[in-house]
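**Student:** My questions concern the predicted model and sequence given below.
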Amino acid sequence: MEKNTKVKFLYELLSLKDQISSKETFAVDKNPSNIVIAGMGGSGIAGRLFQEMYSDMPVFISNGYSLPKFVGKDSIVVCISYSGNTEETIAAYEEAIEKNAQSAIITSGGELLSKGRNVVRIPTGISPRSALGYMLMPLLNTFCKIPEEDILEAQMALTKLDNDSSKEKEIAAEIFKGEHIPIVYSTSPNDSIAYRWNTQFNENSKILALWNSFPELNHNNTMALKSTYKKELFYPICIKSNTDKRISARITATEKVTNMRFRRVIEANGTSSFAKLIYLLHVGDYISYHLAKLRNVDPLDITSIEELKSMIKNPI
C-alpha cells in the first residue's frame, strides 16, 4: 500500500467524528405513511442503519433499479448516492417522480444533484463508504433528532478509538496470519453493523466475509457451524450490544452446541444507542483498515467495480 493512500484513508476514518455533528436536513412536505431509502453499496448502508434505529413508521430499503409497488403519493423516497451517478439510484429517483411520491436526495454531486430540488449536498473528495456520517445524519436529523449529548458521547468514543486501535490491529493480525475468512455475527437489532463489517472487509481488505445475527442465525447457521468444511479457516466474531438474557443464552448455547468458540466478542462502548452503534461501526472500520495494511492492498482501490460498470455500459 502506497504511503499517500494509507494517509488519505486514515484521514477518512478520522473524519467520522466530525461527520456525525452534521445538522443537515431535507424537507418533508406532508406526513408520509412510509419511508423508502434507495441506495447502493457504501451509500446504501446509511439506509440500513437508519432502518434499525427508526421505527415510528415503516422503513424499506430499495437496493436495485426499481421501487416497491406500494410506493405512491403517501411515500417519501430518499435517494442516496455519494457520486450522484449510481444508475440504480437514478432509476429509483425517476420512478419515485413518476409515482408522485415525495422525494429527497443525499449526494455530493453528479446527475442526481441536477435532477432534484430537495437535496442535501454533502462534501466531496472521500470514498462513499467513508462518508457514512454525512449520509446517515440527514436521515436522523429529519425524522428522529439525536440528542446532542448522545452525539458528544459518540464523538468521545470515536476519539478514543482513533487514538488507540491496537486491539483492532491485533484482530486483523490474527485474521491475516491464519488467512481466515471472518464470520461476523451481531446481536439483533444490529444486523446492519454486521453487514457493514462484511462490506468493509470486502472493499477495504479485499477479502470475502460472512455475516448474520442472533437470533436468526440459530435457525440456519447453527447446523453449518458444527460440521462445515475446513472449519479452521473461519474466524468467528460476535458483536454484542444487546443485554437481553435470552440473546446471551443463545450465544453461550451456540458455542456449546457447535463446539465453536468466538475468537472475539466485541461489546459496545457508551450508554446511548447512537453512541453504541457508531462505536461498533468504527471498530469494523479499523479492523478492515489494519488488515488492508497487512495484506498490502489499497483500501481505496475499486478498479474491479469500475471495470464492471464500464463493461455493463459498453458490452463487448
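**Tutor:** Done, it's in.
**Student:** Then residue 67 would be within a helix, right?
**Tutor:** No. According to DSSP: H, G, I helix; E, B strand; the rest coil, residue 67 belongs to no helix; its state is coil.
**Student:** Could you verify my assumption that it touches residue 79?
**Tutor:** No. Contact criterion Cβ atoms under 8 Å: residue 67 and residue 79 do not qualify, at 10.0 Å. The way it works is simple: take the backbone N, C-alpha and C, and place the C-beta from them, glycine included.
**Student:** anything in contact with each of these two?
**Tutor:** With contacts defined as Cβ atoms under 8 Å, 6 or more residues apart in numbering, the residues adjacent to both residue 67 and residue 79 are 38, 92, 96.
**Student:** coming back round to it: which of residue 67 and residue 79 has more neighbours?
**Tutor:** Under the neighbour definition other Cβ atoms under 10 Å, residue 67 and residue 79 were set side by side, and residue 79 has more, 31 against 24.
**Student:** Let me see the domain layout of the protein.
**Tutor:** 3-145, 149-295 (automatic domain parsing).
**Student:** gap between the first one and the chain center?
**Tutor:** If you compare the mean C-alpha spot of domain 3-145 with that of the full chain, they lie 12 Å apart, counting by Cα atoms, centre = their mean, to the nearest Å.
**Student:** pLDDT of that domain, averaged?
**Tutor:** What domain 3-145 shows for mean pLDDT is 95.
**Student:** now do stretch 296-312
**Tutor:** When pLDDT is averaged over stretch 296-312, the result is 91.
**Student:** 28 is where my numbering starts, stick with that
**Tutor:** Got it, first residue is 28 now, which makes that one stretch 323-339.
**Student:** can you put the shared contacts of residue 94 and residue 106 in CSV and add neighbour count?
**Tutor:** Formatted as CSV, the entries for those read as follows, by neighbours: other Cβ atoms under 10 Å:
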residue, neighbour count
65, 32
119, 28
123, 25
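**Student:** Closest to residue 236 out of these?
**Tutor:** When those are ranked by distance to residue 236 (Cβ to Cβ), residue 65 comes first, at 24.8 Å.
**Student:** Report the secondary structure element holding that closest one.
**Tutor:** If you go by DSSP states H and E, residue 65 is part of strand 61-66.
**Student:** So which other helices or strands are in contact with the helix or strand following that strand?
**Tutor:** Where DSSP H and E defines the elements, the next helix or strand beyond strand 61-66 is helix 68-80. Here helix 68-80 is seen to pack against strand 61-66, strand 86-89, strand 102-108, helix 159-170, helix 218-227, helix 300-322 when contacts are counted using 3 or more Cβ pairs under 8 Å, 6 or more residues apart in numbering; DSSP states H and E.
**Student:** Now tell me what touches helix 68-80 from outside.
**Tutor:** With contacts defined as Cβ under 8 Å, 6+ apart, helix 68-80 is touched by 64-66, 86-88, 90, 105, 107-109, 113, 116, 133, 154-159, 162-163, 166-167, 170-171, 216-220, 222-223, 226, 230, 300-301, 304, 308.
**Student:** Could you rerun that using 6 Å?
**Tutor:** The contact list for helix 68-80, computed with Cβ atoms under 6 Å, 6 or more residues apart in numbering, reads 64, 66, 86, 88, 90, 107-109, 155-156, 159, 162-163, 166, 216, 219, 223.
**Student:** If any of these are buried, give me the PyMOL selection for them.
**Tutor:** Restricted to the buried members of these, where burial is judged by 16 or more other Cβ atoms under 10 Å, the PyMOL selection command reads as follows:
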select buried, resi 64+66+86+88+90+107+108+109+155+156+159+162+163+166+216+219+223
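**Student:** Strands along the protein, start to end?
**Tutor:** When assigned using DSSP state E, the strands of the chain occupy the ranges 61-66, 86-89, 102-108, 129-134, 146-148, 208-214, 237-241, 261-267, 291-294.
**Student:** List the strands paired with the last one, with their directions.
**Tutor:** Going back to what we said before, that points to strand 291-294. strand 261-267 (parallel) (DSSP bridges).
**Student:** same deal with the fourth one?
**Tutor:** Strand 129-134 has the following sheet partners, assigned by DSSP bridges: strand 102-108 (parallel), strand 146-148 (parallel).
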